[in-house]
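Colleague: The amino acid sequence is not available; the structure is as follows:
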C-alpha cells in the first residue's frame with residue numbers, strides 16, 4: 001500500500017486535546033520497556049532529547065524512572081506544548097529537569113553534540129522528509145549516545161488500517177480515530193526505514209525491528 005502524507009503538525013487545540021485524552025498506556029509502556037532493554041543504566045547527570053514530545057507523557061515517564069537525568073523536549077505544536085507544560089508543572093520533581101522547546105525539524109535551536117540519549121515516539125510518520133530526523137541525530141547527539149525511535153508501521157492494506165483503528169481506537173473521539181487512521185497511512189514500512197538509515201549513513205549503528213502489530217522501532221548507539 002502506497003504511503004499517504006498527512007500534515008506534519010497536530011496543531012489545533014481539538015487535535016491536541018483528543019491526543020492528550022486518549023489512552024496510550026500500552027504503547028507508551030512499550031516504549032519504556034524498549035528503553036530498559038537497551039540497558040541505559042541509571043543515567044546520572046545524563047541529558048535526553050525527546051523529539052516530537054506531544055503532551056509529554058514519555059518525558060514524564062522517562063524523568064520519573066530516571067530521577068537523575070534531565071530531558072529537553074521538542075514539538076512544533078503550541079497546543080501540544082501548552083498541555084505538556086501543564087502536565088509537567090503539576091510534577092515539581094519532574095518540572096525542574098524538563099525543558100520544552102517549540103520548533104520543527106530541521107531545528108536551528110537544538111544544541112550540537114549535547115545529548116546522551118535521543119528519544120522519539122510517533123514523530124517519524126509525520127515527516128514529509130524523514131531524513132531531517134536522522135540528520136538531527138548526528139547533529140544533536142554526543143558520541144556514543146543511545147537512540148530509541150518508535151513509530152507506527154504502515155499496514156499492507158486499507159482493510160488492515162480499518163481493523164487497527166477499530167481494535168485500538170474504538171472508544172476514542174472521532175478526531176483521534178481520524179488522526180490515527182491518517183497516521184497509519186502515513187507511516188513507513190520497516191524496509192523503508194532501513195533504507196533511510198542506509199541513506200543517512202546510520203545503518204551500521206542503528207537497527208530496525210517490528211515491536212508490535214502496529215509499531216516499529218529503531219535503536220542503537222551512535223559512533
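Modeller: Thanks, I have it. Since the structure is predicted, the reported quantities are computational estimates derived from the model, not experimental observations.
Colleague: Do a quick rundown of the helices in this protein.
Modeller: 13-21, 25-37, 57-65, 78-89, 92-95, 131-140, 158-169, 174-186, 190-199 (DSSP state H).
Colleague: now for the fourth one, which elements pack on it?
Modeller: In this structure, helix 78-89 makes packing contacts with helix 13-21, helix 57-65, strand 70-75, helix 92-95, strand 98-102, judged by 3 or more C-beta pairs under 8 Å, 6 or more residues apart in numbering; DSSP states H and E. (Each C-beta comes from the backbone N, C-alpha and C, glycine too.)
Colleague: need the contact list for the closest residue to residue 14 other than its chain neighbours.
Modeller: Nearest residue to residue 14 in three dimensions, chain neighbours excluded: residue 175, at 5.6 Å (C-beta to C-beta, 6 or more residues apart in numbering). By C-beta atoms under 8 Å, 6 or more residues apart in numbering, the contact list for residue 175 reads 14, 15, 18.
Colleague: Now do the last one against residue 83, distance only.
Modeller: Noted for residue 18: a distance of 11 Å to residue 83, by C-beta to C-beta, to the nearest Å.
Colleague: Check the spacing between the residue nearest to residue 14 and residue 21 real quick.
Modeller: 10 Å.
Colleague: Over to residue 123?
Modeller: For residue 123, the distance to residue 21 - C-beta to C-beta - is 20 Å.
Colleague: swap in residue 75?
Modeller: Going from residue 75 to residue 21 by C-beta to C-beta gives 17 Å.
Colleague: Compare those two (neighbour count), which wins?
Modeller: Taking other C-beta atoms under 10 Å, residue 75 and residue 21 do not tie; residue 75 has more neighbours (26 against 13).
Colleague: ok so, going back, what's the closest of the helices of the chain to residue 113?
Modeller: Closest of those to residue 113 is helix 131-140, at 7.3 Å (criterion: C-beta to C-beta).
Colleague: what separates the closest one from the chain centre, distance-wise?
Modeller: Centroid separation between helix 131-140 and its chain, computed with C-alpha atoms, centre = their mean, to the nearest Å, is 14 Å.
Colleague: The lowest-mean-pLDDT helix or strand in the chain relative to helix 78-89, how many degrees between them?
Modeller: Every helix and strand of the chain was ranked by mean pLDDT, DSSP states H and E. The lowest is helix 13-21, at a mean of 88. Relative orientation of helix 13-21 versus helix 78-89 (axes from the mean of the first three to the mean of the last three C-alpha atoms, to 10 degrees): 40 degrees.
Colleague: Same question for stretch 66-80: list its buried residues.
Modeller: Applying a neighbour-count criterion of 16 or more other C-beta atoms under 10 Å, one finds 66, 69, 70, 71, 72, 73, 74, 75, 76, 77, 79, 80 buried in stretch 66-80.
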